[in-house]
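Asker: Here you go, sequence then predicted model.
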Amino acid sequence: MTIRMDNVGIVVEDLTRAIEFFEVLGLELEGRAEIDGEWSGRVTGLPGQRVEIAMLRTPDGHGRVELSRFIEPAIAEDHRHAPVNALGYLRVMFNVDDIDAVLSQAQAHGAELVSNDVVRYEDAYRLCYIRGPEGILVGLAESLP
């Protein structure tokens, strides 16, 4: 049996702003579309759903993020500002070549560091968490030589 992760899904209110945030991090927009119909509600368990999605991929082509903006039904719950120890989906993490450059670009577009600095983990990584638009939590990791 073979398994490969296809994507991570994140529900947002402002799809355009979320796309721009992930593009600043280096992801590339593959496409944007509205999804509806009986089949889609059967997949998600939300009959009658209408959702606008955008699919973004990492430059290496191995990872994707699917952003969804629900038109119908209304959003059920809001977990955007949950602390890092909350149950359920927490964050997506990207390994980057230059954490300082990515962080600087993200902050120029409104992202905020969750803590005060980038932390070094042994001789393996430099790490940080940032919050982007709508409180989206993203981890950044730079592998150390």
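Answerer: Ah, there it is.

Asker: Now do the helices in this protein.
Answerer: For the chain, applying DSSP state H gives helices covering 15-24, 38-44, 99-108.

Asker: which other helices and strands contact the last one?
Answerer: With contacts defined as 3 or more CB pairs under 8 Å, 6 or more residues apart in numbering; DSSP states H and E, the packing partners of helix 99-108 are helix 15-24, strand 125-131, strand 137-143. Glycine gets a C-beta too; all of them are placed from N, C-alpha and C.

Asker: Redo those as a markdown table? Include distance to L46.
Answerer: Below are the helices and strands packed on helix 99-108 laid out as a markdown table (distance: least, CB to CB, whole Å):
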| stretch | distance to L46 |
| --- | --- |
| helix 15-24 | 18 |
| strand 125-131 | 27 |
| strand 137-143 | 24 |
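
Asker: Using TSV, lay out the ones you listed together with mean neighbour count and distance to S104.
Answerer: Output for the helices and strands packed on helix 99-108, formatted as TSV (neighbours: other CB atoms under 10 Å; distance: least, CB to CB, whole Å):
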stretch	mean neighbour count	distance to S104
helix 15-24	18	10
strand 125-131	18	11
strand 137-143	19	11
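
Asker: coming back round to it: so for E66, which of the helices of the chain sits nearest?
Answerer: Among these, the nearest to E66 by CB to CB is helix 15-24 (10.6 Å).

Asker: pretty sure R57 is in contact with L25, am I right?
Answerer: No: with contact defined as CB atoms under 8 Å, R57 and L25 do not form a contacting pair (11.9 Å).
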